[in-house]
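J.: no sequence for this one, just the structure:
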C-alpha cells in the first residue's frame, strides 16, 4: 500500500538502477508525443492547409499564448519549455485513464523531477537574460537581509509545485480505487471524468506557474 | 498501551484532524472565490471567457492546499516514519 501510494512498483533492474512502472509509462507518453509531433510536423510541411497542420498551429499558438501571458514576453526557449511541460503532463493525465495504466505523474519521483526542471530553469534563464551579477542581484533587491527568505521561497515553491501535481493525480486514482472497492465497478465513472478534467487543468497550472517563475527571473530589475 | 499503539492512535487522529481542517479552509476559500467570480461574470458577461479561465485556475490553486493536507494525512497513515514496520 505504501509504495503504491507514493511511488511505483519496481518491475526490473538495469544493473543498480530500478525500473519502475512510472518510468515505463513515462516512456510510453514520450514515445506517443514524439510520434504525434513527427506526424504533425510532416503535416505542416506537406499539407499546410490540412486538418493536421491547423491542429499543430493551434497547439503552438496556445502554448505561446500561455507562455506570453504568464512571463510577460516569451522567448522561443521558454515557449518550448512550456510546451514540453504542458504536453507531457496533459498526456500523462490522459494515459492515466486507460485501463491498467497509472498516470506517471501520480508518482512523487516524476513530479519531483518535473519541479526540479523548473527549479533549474529559473537560474539558467535568469543568467542567460541578465548575466550572473544581474541575476544574483535580485536576491538582494529589497534588502540584503531578505536574501535567505528569497532562497527559502524558491525551495518551498518547488516542493509545492511537485506536491500539487502529485497530490491531485494520486488523489484522483485513490478516490476511484476506493469507490471500486467499496461500491463496485461503473460507479466512479463521473469521478474519472472529473479526474481527467483536473489532470488537464493541473497541466495548465503547472505550465503557467513554471512560466511565471522563469519569466520573473528573466525580467529581474526590468520593472521598478 | 505500548509506544507503538500511542503513535498509531495519534497518527490516525492527526490524519483525521488534518484532513478536516484542510478541507474546511479550502472550502471557505473556494466559496469566496466562486461567489466573487459569479459576481464578476454577472457584471461583465462579455468578459466571461477570461473570467472563467482565471476562476478555474484560482479554484485549482486553492484546491491544492486541501491536496497538501491530503498528502500529509496519507503520509501519517501509510508512510509514518515513527511506526516501526511489522509491529
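T.: Cool, got the structure. In this text, all values refer to a predicted model and were calculated from it rather than measured experimentally.

J.: In contact with the closest residue to chain B within chain A: list those residues for me.
T.: Among the residues of chain A, residue A:167 lies closest to chain B, at 3.5 Å counting by Cβ to the nearest Cβ. (Glycine included, C-beta is placed from N, CA and C.) For residue A:167, the contact set (Cβ atoms under 8 Å, 6 or more residues apart in numbering or on different chains) comprises B:64, B:67, B:68, B:70, B:71.

J.: What confidence value was assigned to residue A:20?
T.: Listed pLDDT for residue A:20 reads 88.

J.: which one is it nearest to, not counting chain neighbours?
T.: Distances taken as Cβ to Cβ, 6 or more residues apart in numbering or on different chains put residue A:8 closest to residue A:20, at 4.0 Å, once the chain neighbours are dropped.

J.: where does the residue of chain A closest to chain B land in three-state SS?
T.: Secondary structure, DSSP: H, G, I helix; E, B strand; the rest coil: residue A:167 is helix.

J.: which non-adjacent residue is nearest it?
T.: That would be residue B:67: by Cβ to Cβ, 6+ apart, it lies 3.5 Å from residue A:167.

J.: What is the neighbour count of that neighbour?
T.: If you count neighbours by other Cβ atoms under 10 Å in any protein chain shown, residue B:67 ends up with 23.

J.: quick one on the thing from earlier: relative to residue B:68, how far out is the residue of chain A closest to chain B?
T.: 7 Å (Cβ to Cβ, to the nearest Å).

J.: now swap in residue A:152 and tell me
T.: For residue A:152 relative to residue B:68 (Cβ to Cβ), the value is 17 Å.

J.: Settle it for me: which of those two has more neighbours?
T.: Each of residue A:152 and residue B:68 has its neighbours counted (other Cβ under 10 Å); residue B:68 has more, 18 against 10.

J.: quick one, helices of the chain?
T.: By default, I'm working from chain A. Using DSSP state H, the helices of chain A run over residues A:2-6, A:21-46, A:51-71, A:76-96, A:108-137, A:147-182, A:189-218.

J.: Chain B, not that one
T.: Assigned by DSSP H, chain B shows helices spanning B:3-43, B:48-78.

J.: where does the chain dip in pLDDT?
T.: This is for chain A. Counting by pLDDT under 70, the low-confidence segments of chain A come to A:1-3, A:74, A:220-224.

J.: that's the wrong chain, I meant chain B
T.: Short version for chain B, where the test is pLDDT under 70: B:86-87.
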